[in-house]
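Undergrad: Structure for this input, please:
(chains A, B and C)
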Amino acid sequence: RSGEMAKLTQLIDNEVLRAYATYTTIVLLKMMLMSLITAYFRITRKAFVNPEDTASFGKGESAKKYLRTDPDVERVRRGHLNDLENIVPFLGIGLLYALSGPELYTALLHFRIFAGARIAHTFAYLIPLPQPSRGLSWAVGYAVTMSMAYKVLTTALYL
Amino acid sequence: RSGEMAKLTQLIDNEVLRAYATYTTIVLLKMMLMSLITAYFRITRKAFVNPEDTASFGKGESAKKYLRTDPDVERVRRGHLNDLENIVPFLGIGLLYALSGPELYTALLHFRIFAGARIAHTFAYLIPLPQPSRGLSWAVGYAVTMSMAYKVLTTALYL
Amino acid sequence: RSGEMAKLTQLIDNEVLRAYATYTTIVLLKMMLMSLITAYFRITRKAFVNPEDTASFGKGESAKKYLRTDPDVERVRRGHLNDLENIVPFLGIGLLYALSGPELYTALLHFRIFAGARIAHTFAYLIPLPQPSRGLSWAVGYAVTMSMAYKVLTTALYL
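TA: The predicted structure follows:
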């Protein structure tokens, strides 16, 4: 048993996998932050979608008026969905890339640029910054994931 | 070949990874169930979004009236999206946590509470239960994921 | 150090894991393609959602008219969300399945059918093909994921 455990913890002792674990956790925590920002805007803008969420504002019409969309809430939600669309591919392709035996330096470069691009994307979306800020930060993260996918397919291809 | 296979199946012989595999599969199956519930409400409420889905109801205006939103369908869809937003972080952070060498007892505690919280969240959303049922069940799952992320970062941090 | 690397790259030398890596990367790249198709339709249909995206069309009312929804854009977005809802379970359950020691032939069958079904689903959604094309392709991918989940739970169950 303890021999097995040792083998498994060796996985996490590998630097590339540790880097993957670090940056994946960072971007997933950043994505989770979007839920809190959505909740913050829903409460401060009083803009809810579920009737049961407005029950504390009273009954009938007085509560019903808070069942509405708000531009700030919708903006955060779009940022959140964009995170899902881009971080899910990073999660899967990044793990396979980390297992494909890349150089530590190259792997760190990929992970750091991806995390930086997604953090920049969030600022560009939420402030919002004028385009092409958001478009460019999205494209950088996309390109990093494509580059890792290329390495995975050239290393592991088995159709 | 058989030597390699043996090594790999040892991964799944590790109790923490088996627990991760079990609870991850359970929450992903629960998330997949949301698709079936959406389809059930779309059909029983006759509320579709794609014109080709209403073709069996006839042509022209008679079919067009079924291209509409329904509160029950939208509710399940919100629950499904909330699952995606919360189960994706669990998928990634949970795997890294399982590889970071936690105690079996502590790991089981995390996985069980997360799965329980997400199942409770679904009931709270779909019945629906009065708040703060849904909010609390969401927060418990969120806190479990944060706790696992903390363990991953303190064990594996490599920036 | 080099001993650890060898062990890790052996993971990717395993045929089942290589097949998982290949088909997972293919379906994730396919999902990422949806972002490009959405951007293509947003630009050609001039249908945007963020005010800062229409700034290049001028100020005031002349730009505001491009803040609108377009049926083609919405269709691609629904296809993208359906990918997320179905490829995330494949990502997680597929990895655990690959680690549960399946026969190579059986694993390849699962991965190939899933990838084929999701590609068929995209064509059925975007062309669009008459039903039940989209429904069937969705159901095939769903069934493959359920079959892998069954193998994971019967191999690894640890509650």
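Undergrad: can you list the residues of chain A near chain C?
TA: Counting by Cβ under 8 Å from any Cβ of the partner chain, the residues of chain A close to chain C are A:7, A:10-11, A:13-14, A:16-17, A:75, A:78, A:81, A:84-86, A:88-89, A:91-93, A:95-96, A:99-101, A:128-131, A:134, A:138, A:142, A:145-146, A:149, A:152-153, A:155-159. For every residue, glycine as well, the C-beta is placed using N, CA and C.
Undergrad: Now, of the residues you listed, which are buried?
TA: The neighbour count (16 or more other Cβ atoms under 10 Å in any protein chain shown) marks A:10-11, A:14, A:16-17, A:75, A:81, A:84-86, A:88-89, A:91-93, A:95-96, A:99-101, A:128, A:134, A:138, A:142, A:145, A:149, A:152-153, A:155-156, A:158 as buried among the residues of chain A next to chain C.
Undergrad: quick one: residue A:101 and residue A:155 touch, right?
TA: Yes - at 7.0 Å, residue A:101 and residue A:155 qualify as touching, with contact defined as Cβ atoms under 8 Å.
Undergrad: Need the pLDDT of residue A:108.
TA: For residue A:108, the model assigns a pLDDT of 98.
Undergrad: Figure out the helix or strand that it lives in.
TA: Taking DSSP states H and E as the criterion, residue A:108 maps to helix A:104-126.
Undergrad: Using CSV, list the CA coordinates for the next helix or strand after that helix.
TA: Using DSSP H and E, the next helix or strand after helix A:104-126 towards the C-terminus is helix A:133-156. Output in CSV follows, covering the C-alpha atoms of helix A:133-156 (Å, rounded to 0.1, in the frame of the first residue of the first chain):
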residue,chain,number,x,y,z
SER,A,133,-8.0,43.8,-25.9
ARG,A,134,-10.6,41.1,-25.2
GLY,A,135,-10.2,39.5,-28.6
LEU,A,136,-6.4,39.4,-28.4
SER,A,137,-6.3,37.9,-24.9
TRP,A,138,-8.8,35.3,-26.0
ALA,A,139,-6.7,34.5,-29.1
VAL,A,140,-3.5,34.1,-27.1
GLY,A,141,-5.1,31.5,-24.8
TYR,A,142,-6.6,29.8,-27.8
ALA,A,143,-3.2,29.6,-29.6
VAL,A,144,-1.5,28.2,-26.5
THR,A,145,-4.1,25.4,-26.3
MET,A,146,-3.7,24.7,-30.1
SER,A,147,0.1,24.5,-29.6
MET,A,148,-0.3,22.0,-26.8
ALA,A,149,-2.8,20.0,-28.8
TYR,A,150,-0.2,19.8,-31.7
LYS,A,151,2.4,18.4,-29.2
VAL,A,152,-0.1,15.8,-27.9
LEU,A,153,-1.2,14.6,-31.3
THR,A,154,2.4,14.4,-32.7
THR,A,155,3.5,12.5,-29.5
ALA,A,156,0.6,10.2,-28.8
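Undergrad: between helix A:133-156 and helix A:104-126, how big is the angle?
TA: Angle, helix A:133-156 to helix A:104-126, by axes from the mean of the first three to the mean of the last three Cα atoms, to 10 degrees: 150 degrees.
Undergrad: Show residues contacting helix A:133-156.
TA: For helix A:133-156, contacts defined as Cβ atoms under 8 Å, 6 or more residues apart in numbering or on different chains pick out A:82, A:86, A:89-90, A:93-94, A:96-97, A:100-102, A:110, A:113-114, A:117-118, A:120-121, A:124-125, A:128, C:12, C:17-18, C:21-22, C:25, C:28-29, C:32, C:35, C:50, C:52.
Undergrad: and chain B, which of the residues you listed contact it?
TA: residue C:17.
Undergrad: one step back: the helix holding residue A:108: how far from the chain's middle?
TA: 10 Å (Cα atoms, centre = their mean, to the nearest Å).
Undergrad: Pull out the buried positions in that helix.
TA: Quick answer for helix A:104-126 (16+ other Cβ under 10 Å): A:107-108, A:110-115, A:117-118, A:120-122, A:124-126.
Undergrad: now, which of these sits nearest residue C:71?
TA: Among the buried residues of helix A:104-126, residue A:125 lies closest to residue C:71 (Cβ to Cβ), at 24.8 Å.
Undergrad: pretty sure the closest one is in contact with residue A:81, am I right?
TA: No - Residue A:125 is not in contact with residue A:81 according to Cβ under 8 Å; the separation is 10.7 Å.
Undergrad: quick one: contacts for residue A:57?
TA: Per Cβ under 8 Å, 6+ apart, neighbours of residue A:57: A:46, A:63, A:66.
Undergrad: host element of the second one?
TA: With elements taken from DSSP H and E, the one containing residue A:63 is helix A:61-64.
Undergrad: neighbouring contacts of that helix?
TA: A:51, A:54, A:55, A:57.
Undergrad: Can you name the element that comes right after the helix or strand bottoming out on mean pLDDT in chain A?
TA: One helix or strand of chain A scores below all others by mean pLDDT, DSSP states H and E: helix A:2-13, with a mean of 52. Toward the C-terminus, helix A:2-13 is succeeded by helix A:15-44 as the next helix or strand (DSSP H and E).
Undergrad: what angle separates that next one from helix B:133-156?
TA: 150 degrees.
Undergrad: Might you quantify the distance of helix A:15-44 from its chain's geometric centre?
TA: That offset, for helix A:15-44, works out to 6 Å (Cα atoms, centre = their mean).
Undergrad: separation between residue A:36 and residue B:138?
TA: 11 Å (Cβ to Cβ, to the nearest Å).
Undergrad: Pull the contacting residues for the closest residue to residue A:144 other than its chain neighbours.
TA: In space, and not counting its chain neighbours, residue A:144 is closest to residue A:114: 4.4 Å by Cβ to Cβ, 6 or more residues apart in numbering or on different chains. Shown in contact with residue A:114 (Cβ under 8 Å, 6+ apart): A:23, A:27, A:90, A:94, A:140, A:141, A:144, A:145.
Undergrad: go with 10 Å
TA: A:23-24, A:26-27, A:86-87, A:90, A:94, A:140-145, A:147-148 (Cβ atoms under 10 Å, 6 or more residues apart in numbering or on different chains).
Undergrad: can you check residue A:106 too?
TA: A:16, A:97, A:147, A:148, A:151.
Undergrad: Of those residues, which is the most crowded?
TA: residue A:97 (30 neighbours; other Cβ atoms under 10 Å in any protein chain shown).
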